[in-house]
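Visitor: Next one to model:
(chains A and B)
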Amino acid sequence: MIAPGTDPPREEIRAQLNGVTKTYPSALGQSPVHALGPVDLAIGVKEFVAVVGPSGCGKTTLLEILGGLNTPSAGEVLFEGRPVAGRVPQGIGVVFQEDASLPWLSVRDNIAFGLRRVGLAAAEIRARVDYALDLMGLGAFAAAYPAQLSGGMRQRVCIARTLVLRPRLILLDEPFGALDQQTRLLMGDELLRLWRDTGAAILLITHAIDEAVMLADRVGIMSARPGRFIEVIETEWPAARDSRIAAEARFGELTARVWSKLRAESLKALGRAELASEQGPVQ
Amino acid sequence: MSAVARTRLAIVATFMALLELLTRTGAISELVIIPPSAMATHLWTLLATGQLNAAMAQTFANIAIAFALSVTVGFVSGAAIHALPRLRRLLDPLLASYYAIPFFVFYPLLIALLGLNRWPLVAIGFVFGAAAMVIATLNGLDRVPRVLRKVAKVHRMSRREEVLRIVLPAAVPYLFTGLKLSLAYAFIGILAGEFILSGGGLGFSIAFSYDAFDNPTMYALMLFVLALAVALNSSLDWWEQRLMRRRGRA
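Guide: Modelled structure (predicted):
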């Protein structure tokens, strides 16, 4: 459960989960799976929130429920004060962990995909796509097809496709999970720059503690399944930050603090809960 | 032309040259096989004098109708079976063993049902081609990545839009395989049907010239049918390669 003091004031809330739970119905001969919650979370208008937790704790389920891609078993989901009712609300963009680029379209057409659907004028579409191509460093690849790009570039195409729609809340489900460490750090910097430029709120689901601590204003730590928030840590970084904050002493402190909370939960998720109390810190 | 294509062409040319040599020198009797050059010359005469026009028109029309029906009915049935899991569980074993059924034995029944005209043969071509399209459609729809369906939801697409803008384009490589196989099976079904059962068409002409010991016509027609099959397949291959290159699959 989030400490009450960490939530933004009511008028500055972009999205909210109140007492949300998710239980998947039983498969043949098995009992129902309580995957998530109850979870409470409020995301501020221009806030960057990251969520970390052990594998299978329901992080993706949480993101999908907030985005309207999944329905909660109980509780309330609000986006800009209105209930999210089984449909992705206008104003929410989602970037998935898997490659979601459309292989039959060029990079330019991939990015313009959503814009063409909403019937914008051709000049406006061109301007927004050109801006996104430039922003994501894809200008030289506008005519290429996803199969001709690296995994990182394809992910940038998906981010650009989300950004051109100018969402007010961006949900990122481990978007850098498939990338190498250096690329992840650089993509993190790009994400921070986009966050500052667009003014959108961001919810980042990640398994990388350092990534969460480096990028977010608040880091929510989830328990093993059924996932609940066991602590939310405020990083107190300035908005104008990048991956170089990793050199600061506070970065190490925060990372260690998140891991100290997460370690026991990760052991639980692995079925090794007894180790949590047995092993002390390395001297 | 790629190195592989050049090698392929060289193999065919070498085989033809060898056959020409063996038949011209009498190592292979002309009663068994005539020289490829004689096949080509006789085929040219048949085409130039219009002697094949009626047979070609009949065969091509039958193939075209059987192919169009196979693709349309096969795709619609595949999509329906995909949408109905219970029906799929029921039909899966049938589809798996479909090509073990000797459909030609139903020809008398088809004549009784459809009359003594082109339609029994078209039906044979259709039943040959349709299952390939059903299976390809099922494969294609099964393999649409789940994340792309989520993309459709994020873009707030209606079901119809999701199918037209996401599902069908994503399934195209598999649907294309279905098109290729349906055409090949319709081609085989119609020609074999004409050969064994019919009184007209290119297949019947080959059978007739065989019965009449008319080797030049028989071999000329066989060459024509082979060339036609290769040309059709090559053009579809070219189209497929072009499509797949974009998707990084070529």
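Visitor: for residue A:36, helix, strand, or coil?
Guide: Following DSSP: H, G, I helix; E, B strand; the rest coil, the label given to residue A:36 is strand.
Visitor: Quick check, pLDDT for the residue nearest to it when sequence neighbours are not counted.
Guide: In space, and not counting its chain neighbours, residue A:36 is closest to residue A:58: 3.6 Å by CB to CB, 6 or more residues apart in numbering or on different chains. Yep, even glycine has a C-beta here, placed from its N, CA and C like the rest. Per-residue pLDDT puts residue A:58 at 92.
Visitor: how many other residues sit next to residue A:58?
Guide: The number of residues packed near residue A:58 is 28, by other CB atoms under 10 Å in any protein chain shown.
Visitor: Tell me the gap between stretch A:134-146 and the middle of its chain.
Guide: How far stretch A:134-146 lies from its chain's middle: 23 Å, per CA atoms, centre = their mean, to the nearest Å.
Visitor: Mind listing residues that contact it?
Guide: With CB atoms under 8 Å, 6 or more residues apart in numbering or on different chains as the test, stretch A:134-146 has contacts from A:99, A:101-103, A:105-108, A:110, A:130, A:132-133, A:148-149, A:153-154, A:156-157, A:159-160, A:163, A:190, A:194, A:197, B:246-248.
Visitor: Quick one: name the residues of the stretch 51-200 of chain A near chain B.
Guide: With the criterion set to CB under 8 Å from any CB of the partner chain, the stretch 51-200 of chain A comes near chain B through A:67-69, A:87-88, A:90, A:92-94, A:96, A:98-100, A:102-104, A:113-114, A:117, A:145-148.
Visitor: So how do I select the buried members of these in PyMOL?
Guide: To isolate the buried members of these in PyMOL, using 16 or more other CB atoms under 10 Å in any protein chain shown:
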select buried, chain A and resi 67+68+69+88+92+93+94+96+98+99+100+102+103+104+113+114+145+146+147+148
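Visitor: What helix or strand is the most centrally placed residue in chain B located in?
Guide: For chain B, residue B:184 is the residue whose C-alpha lies nearest the centre (CA atoms, centre = their mean; 1.4 Å). Using DSSP states H and E, residue B:184 maps to helix B:168-197.
Visitor: Point out where chain B drops to low pLDDT.
Guide: Applying pLDDT under 70 to chain B flags residues B:248-250.
Visitor: what residues does it put near chain A?
Guide: Chain B comes close to chain A at residues B:145, B:147-148, B:150-151, B:153-157, B:161, B:165-166, B:169-170, B:172, B:246-249, as judged by CB under 8 Å from any CB.
Visitor: Show me which of these are buried.
Guide: Buried members of those, scored by 16+ other CB under 10 Å, are B:148, B:150-151, B:153-157, B:165-166, B:169-170, B:172, B:246-247.
Visitor: Now do the strands in chain A.
Guide: Listed from the start of the chain, chain A has strands (DSSP state E) covering A:13-24, A:33-44, A:48-52, A:74-79, A:82-83, A:92-95, A:169-173, A:201-205, A:218-222, A:229-234.
Visitor: Rebuild those strands as JSON lines, extending it with mean pLDDT.
Guide: Output for these, formatted as JSON lines (pLDDT from 0 to 100):
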{"stretch": "strand A:13-24", "mean pLDDT": "94"}
{"stretch": "strand A:33-44", "mean pLDDT": "91"}
{"stretch": "strand A:48-52", "mean pLDDT": "96"}
{"stretch": "strand A:74-79", "mean pLDDT": "94"}
{"stretch": "strand A:82-83", "mean pLDDT": "94"}
{"stretch": "strand A:92-95", "mean pLDDT": "96"}
{"stretch": "strand A:169-173", "mean pLDDT": "96"}
{"stretch": "strand A:201-205", "mean pLDDT": "96"}
{"stretch": "strand A:218-222", "mean pLDDT": "95"}
{"stretch": "strand A:229-234", "mean pLDDT": "94"}
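Visitor: In CSV: those, plus distance to residue B:240.
Guide: What follows is those, written out as CSV (distance: least, CB to CB, whole Å):
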stretch, distance to residue B:240
strand A:13-24, 40
strand A:33-44, 42
strand A:48-52, 44
strand A:74-79, 44
strand A:82-83, 47
strand A:92-95, 32
strand A:169-173, 34
strand A:201-205, 39
strand A:218-222, 47
strand A:229-234, 51
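Visitor: Backbone dihedrals for residue B:203, please?
Guide: Residue B:203 has phi and psi values of phi -60, psi -50 when expressed as degrees, to the nearest 10.
Visitor: Please name the residues that touch it.
Guide: Applying CB under 8 Å, 6+ apart to residue B:203 gives the contacts B:59, B:190, B:191, B:192, B:193, B:194, B:195, B:196.
Visitor: Can you flag which of the buried ones among the residues of chain B next to chain A belong to helices?
Guide: With helices taken from DSSP state H, the overlap with these comprises B:148, B:150, B:151, B:153, B:154, B:169, B:170, B:172, B:246.
Visitor: Quick check: closest non-adjacent residue to the last one.
Guide: Right, the one you point to is residue B:246. residue A:145 (4.8 Å).
Visitor: Can you check which helix is longest in chain A?
Guide: If you go by DSSP H, chain A has its longest helix at helix A:249-269.
Visitor: and that one, what does it pack onto?
Guide: Using 3 or more CB pairs under 8 Å, 6 or more residues apart in numbering or on different chains; DSSP states H and E as the contact test, the elements touching helix A:249-269 are helix A:209-215, strand A:218-222, strand A:229-234, helix A:275-278.
Visitor: Which two among the buried ones among the residues of chain B next to chain A are spaced furthest apart?
Guide: B:156 and B:246 (27.0 Å; CB to CB).
Visitor: rewinding a little: what about the closest residue to the residue nearest to the centre of chain B other than its chain neighbours, how many residues nearby?
Guide: In this structure, residue B:184 finds its nearest non-sequential neighbour in residue B:233, 7.2 Å apart by CB to CB, 6+ apart. As a burial measure, residue B:233 scores 14 neighbours (other CB under 10 Å).
Visitor: How about the one 5 residues further on?
Guide: Per other CB under 10 Å, the neighbour tally for residue B:238 reads 10.
Visitor: just the one 5 residues further on next, same as before
Guide: Residue B:243 is surrounded by 15 other residues when neighbours are defined as other CB under 10 Å.
Visitor: can you check residue B:74 too?
Guide: 25.
Visitor: Quick check, it in contact with residue B:138.
Guide: No: contact criterion CB atoms under 8 Å: residue B:74 and residue B:138 do not qualify, at 10.0 Å.
Visitor: Need the overlap of contacts for those two.
Guide: In contact with both residue B:74 and residue B:138: no residue, using CB under 8 Å, 6+ apart.
Visitor: that older thread, may I have the longest helix of chain A as PDB, with CA atoms only?
Guide: The C-alpha coordinates for helix A:249-269 follow below in PDB (Å, rounded to 0.1, in the frame of the first residue of the first chain):
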ATOM      1  CA  ALA A 249      25.900   8.400  -3.900                       C
ATOM      2  CA  ARG A 250      22.100   8.700  -3.500                       C
ATOM      3  CA  PHE A 251      21.600   6.500  -6.500                       C
ATOM      4  CA  GLY A 252      23.500   3.700  -4.800                       C
ATOM      5  CA  GLU A 253      21.600   4.200  -1.600                       C
ATOM      6  CA  LEU A 254      18.200   4.100  -3.300                       C
ATOM      7  CA  THR A 255      19.100   1.100  -5.400                       C
ATOM      8  CA  ALA A 256      20.200  -0.800  -2.300                       C
ATOM      9  CA  ARG A 257      17.100   0.300  -0.500                       C
ATOM     10  CA  VAL A 258      14.800  -1.000  -3.300                       C
ATOM     11  CA  TRP A 259      16.800  -4.300  -3.500                       C
ATOM     12  CA  SER A 260      16.600  -4.800   0.300                       C
ATOM     13  CA  LYS A 261      12.800  -4.700   0.000                       C
ATOM     14  CA  LEU A 262      12.700  -6.700  -3.200                       C
ATOM     15  CA  ARG A 263      15.100  -9.400  -2.300                       C
ATOM     16  CA  ALA A 264      12.700 -11.200   0.100                       C
ATOM     17  CA  GLU A 265       9.900 -10.900  -2.300                       C
ATOM     18  CA  SER A 266      12.000 -12.300  -5.200                       C
ATOM     19  CA  LEU A 267      13.000 -15.300  -3.000                       C
ATOM     20  CA  LYS A 268       9.400 -15.900  -2.200                       C
ATOM     21  CA  ALA A 269       8.500 -15.800  -5.900                       C
END
